[in-house]
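> 3D, please:
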Amino acid sequence: MNKKVKQFLSNPYVKNIGAALLIVIILAVGALFWLDSYTRHGETITVPNLYGLDQKAAEEVLKEKNLKYEIIDSVFVKKKKPGSVKEQNPEAGAVVKEERKIYLTIYANSPRKVTLPDVRDMSLRQAEAILISVGLKIGSYESVPSEYKDLVKNVKYENKIVTPGTRITEGASIIICVGKGLSNEISNDDEIIDDPWD
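Sure, this is the predicted structure:
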């Protein structure tokens, strides 16, 4: 029996197949170890609470946890400390892998600016919709001479006419200068001429 086993094992084909199987097993085991290491299997981190921390403090906390961050937006809110964290994603308490990126929204130092669109020669309703959509508020209206009624002639900010493209504080109140149109009424000073054919 031993002789037959020795003959079988000494066969070059069997040796080649055995060597190939051994290589496959080694590669499979190596791949499993690499995959486990790459995905940091079983190694998780609880996301810390960053709300209210300034950017530098938040960065230090995340660095200690081996996490990264990216600021994706800033929002101006009065009485809030500029540069401090307003929102975070994932939220505090979430379980993530090491080196996961945490996305932050911080409080801005000053209100955001918006570009004044060109609403001249538009109808009042259309101009209102456009101005509101970019983040401006309609404070009041001012009637100005114009051939057409309810046609926007200009926009005022801080009582001065501003040109399209001007950067204005988001949420600022503006004045729309609206055409009052031609009057069809005859003033008392106009001379009334009698019809000569009467």
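
> quick one: Leu50 and Gly93 touch, right?
No: taking Cβ atoms under 8 Å as the definition, Leu50 is not a contact partner of Gly93, at 11.5 Å. C-betas here are computed from N, CA, C, even on glycine.

> The helix or strand of the chain with the lowest mean pLDDT: what's the following helix or strand?
Of all helical and strand segments in the chain, the minimum by mean pLDDT, DSSP states H and E falls on helix 2-10, at a mean of 65. The helix or strand immediately downstream of helix 2-10 is helix 12-38, counting by DSSP states H and E.

> Show me what secondary structure element comes after that following helix.
Following helix 12-38 in sequence order, the next helix or strand is strand 45-46 (DSSP H and E).

> Quick one: low-confidence residue ranges for this protein.
1-9, 36-42, 183-198 (pLDDT under 70).

> What residue spans form the domains of it?
Structurally, the chain divides into domains by automatic domain parsing as follows: 2-38, 45-107, 113-180.

> any chance of those domains in TSV, plus mean neighbour count?
Formatted as TSV, the domains of the chain follow (neighbours: other Cβ atoms under 10 Å):
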stretch	mean neighbour count
domain 2-38	10
domain 45-107	15
domain 113-180	15
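
> in this structure, which spans are helices?
When assigned using DSSP state H, the helices of the chain occupy the ranges 2-10, 12-38, 55-64, 124-133.

> For those helices, give me JSON lines that also has distance to Ser140.
Compiled in JSON lines, those are given as follows (distance: least, Cβ to Cβ, whole Å):
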{"stretch": "helix 2-10", "distance to Ser140": "100"}
{"stretch": "helix 12-38", "distance to Ser140": "63"}
{"stretch": "helix 55-64", "distance to Ser140": "39"}
{"stretch": "helix 124-133", "distance to Ser140": "12"}
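
> Not counting sequence-adjacent ones, nearest residue to the residue nearest the centre of the chain?
In the chain, the centroid-proximal residue (Cα atoms, centre = their mean) is Asp73; its distance is 5.7 Å. Nearest residue to Asp73, sequence neighbours excluded (Cβ to Cβ, 6 or more residues apart in numbering): Thr105, at 4.5 Å.

> give me every residue that touches that neighbour.
For Thr105, the contact set (Cβ atoms under 8 Å, 6 or more residues apart in numbering) comprises Ile71, Ile72, Asp73, Ser74, Val75, Val85, Lys86, Glu87, Gln88.

> Which of the helices of the chain sits closest to Ile45?
helix 55-64 (9.8 Å; Cβ to Cβ).

> which residues are in contact with that closest one?
Applying Cβ under 8 Å, 6+ apart, the contact partners of helix 55-64 are Pro48, Leu50, Leu53, Lys68, Tyr69, Ile71, Gly83, Ser84, Val85, Ile102, Leu104, Ile106.
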